[in-house]
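# After the sequence you'll find the predicted model.
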Amino acid sequence: MGWLTLMIIRQIFLLLLFLYSAVSVADEIWLPDRFSVVYRLSQAGITLVELERKGRLAEDGSYIIESVAEPRGMAAWILDGNTEERSQWVVEDGNVVPLRYTYRENGGSRKKSMDLEYDRDKGVAIDHHSGKQWKLPDDAQDQTSIQFAIMERLRQGEREFHYSLLDGKRIKHRHYKVTESKMLDTKMGRVEVVGVREIRPGGKRHSLFWCAPRFGYLPVRIEQHKKGSPSLITVVENITGFH
């Protein structure tokens with residue numbers, strides 16, 4: 001076997017390795033390369049906020065979720081700014097692993113910013129805006145990536161799971177349990193949904209997520225219940241990118 005033949009074989013091997021790696025990265029992410037979803041949040045039938053969330057697959061194989069929340073209706077008279085979030089994460093061994101999360105409130109009297117980086121080598125999460133840092137739990141998620149971590153668990157058929165939520169102030173422990181499946185009327189028609197209940201200590205408040213397998217288990221309805229207060233209801237208005 002001559003040196004030219006060996007070089008050709010080597011090039012073919014490297015090409016196959018590259019193609020295999022590319023397929024592996026694509027297989028890890030169950031979401032479309034790009035998608036967008038619009039939600040409307042209301043309380044006692046009054047619209048308060050519209051949230052637009054866009055997701056895209058980056059060239060390095062990570063996934064980026066960008067969200068903008070705008071006050072609507074009567075809330076727009078009180079809140080004159082919006083909120084922006086950006087979450088970047090990867091999927092490793094079937095787990096959503098967050099890399100970076102940013103949060104910013106624009107306008108109004110209440111301004112809050114966060115720039116959270118997950119340093120896996122040092123085992124810490126660092127907020128570059130405030131200078132605070134926390135010891136990094138293995139199941140840590142930010143306020144956006146936790147939704148997609150739940151979706152991945154549902155996709156794998158799990159019925160109960162825990163996560164540690166970093167909200168910029170402290171680490172909160174969250175426990176989730178699948179409740180039931182049913183059909184739900186949405187703006188996209190009647191779809192099958194899986195109920196996921198968020199269980200909090202004390203029992204004074206809880207959240208219920210209705211996630212649609214048709215849309216990669218994206219929540220199409222979220223109910224936030226607190227004893228003594230009207231429930232906050234978030235419903236999907238539009239979804240694009242899913243087939």
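Looks like it arrived, so ask away.

# and the helix or strand harbouring residue 37, what does it pack onto?
For residue 37, the host element (DSSP states H and E) is strand 34-43. Strand 34-43 is packed against strand 46-57, strand 229-240, with contacts defined by 3 or more CB pairs under 8 Å, 6 or more residues apart in numbering; DSSP states H and E. Every C-beta, even on glycine, is put in place using the N, C-alpha and C of the backbone.

# Adjacent strands (with direction) for it?
Partners of strand 34-43 in the sheet, by DSSP bridges, are strand 46-57 (antiparallel), strand 229-240 (antiparallel).

# In JSON lines, list the helices and strands packed on strand 34-43 along with mean pLDDT, mean neighbour count and distance to residue 145.
Below are the helices and strands packed on strand 34-43 laid out as JSON lines (pLDDT from 0 to 100; neighbours: other CB atoms under 10 Å; distance: least, CB to CB, whole Å):
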{"stretch": "strand 46-57", "mean pLDDT": "96", "mean neighbour count": "18", "distance to residue 145": "11"}
{"stretch": "strand 229-240", "mean pLDDT": "96", "mean neighbour count": "16", "distance to residue 145": "18"}
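
# Turn the strands paired with strand 34-43 into CSV, columns for distance to residue 141.
Converted to CSV, the strands paired with strand 34-43 look like this (distance: least, CB to CB, whole Å):
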stretch, distance to residue 141
strand 46-57, 16
strand 229-240, 19
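
# With respect to residue 207, which of those strands lies nearest?
Residue 207 lies closest, by CB to CB, to one member of the strands paired with strand 34-43: strand 229-240, at 8.9 Å.

# Residues in contact with the closest one: which ones?
The contact list for strand 229-240 (CB atoms under 8 Å, 6 or more residues apart in numbering) reads 35-44, 50-51, 186-188, 215, 218-225.

# from those residues, which would you call buried?
Among the contacts of strand 229-240, those scoring as buried are 35, 37, 39-42, 50-51, 186, 215, 218-224 (criterion: 16 or more other CB atoms under 10 Å).

# quick one, the longest strand along the chain and strand 229-240 angle?
Longest among the strand segments of the chain by residue count, using DSSP state E, is strand 171-186. Counting by axes from the mean of the first three to the mean of the last three CA atoms, to 10 degrees, strand 171-186 lies at 70 degrees to strand 229-240.

# hmm, who's touching the strand holding residue 37?
Residues outside strand 34-43 that contact it (CB under 8 Å, 6+ apart): 47-57, 72, 215, 218, 222, 230-242.

# Can you list the strands that the next helix or strand after the longest strand of the chain pairs with?
For strand 171-186, the following helix or strand on the C-terminal side (DSSP H and E) is strand 189-199. Using DSSP bridges, strand 189-199 pairs in its sheet with strand 171-186 (antiparallel), strand 205-212 (antiparallel).

# from the ones you listed, which stretch is densest packed?
strand 205-212 (a mean of 20; mean count of other CB atoms under 10 Å).

# quick one: low-confidence parts of the chain?
Scanning the chain for pLDDT under 70 picks out the ranges 1-28, 74-80, 108-110, 203.

# got the domain boundaries for it?
Here the domain parsing of the chain from automatic domain parsing is 1-30, 31-240.

# Please identify the most buried of the ones you listed.
Most buried of the domains of the chain, by mean neighbour count (mean count of other CB under 10 Å): domain 31-240, with a mean of 16.

# What is the end-to-end distance of it?
12 Å (CA to CA, to the nearest Å).

# wouldn't residue 184 be in contact with residue 195 here?
No: counting by CB atoms under 8 Å, residue 184 does not reach residue 195; the two are 9.5 Å apart.
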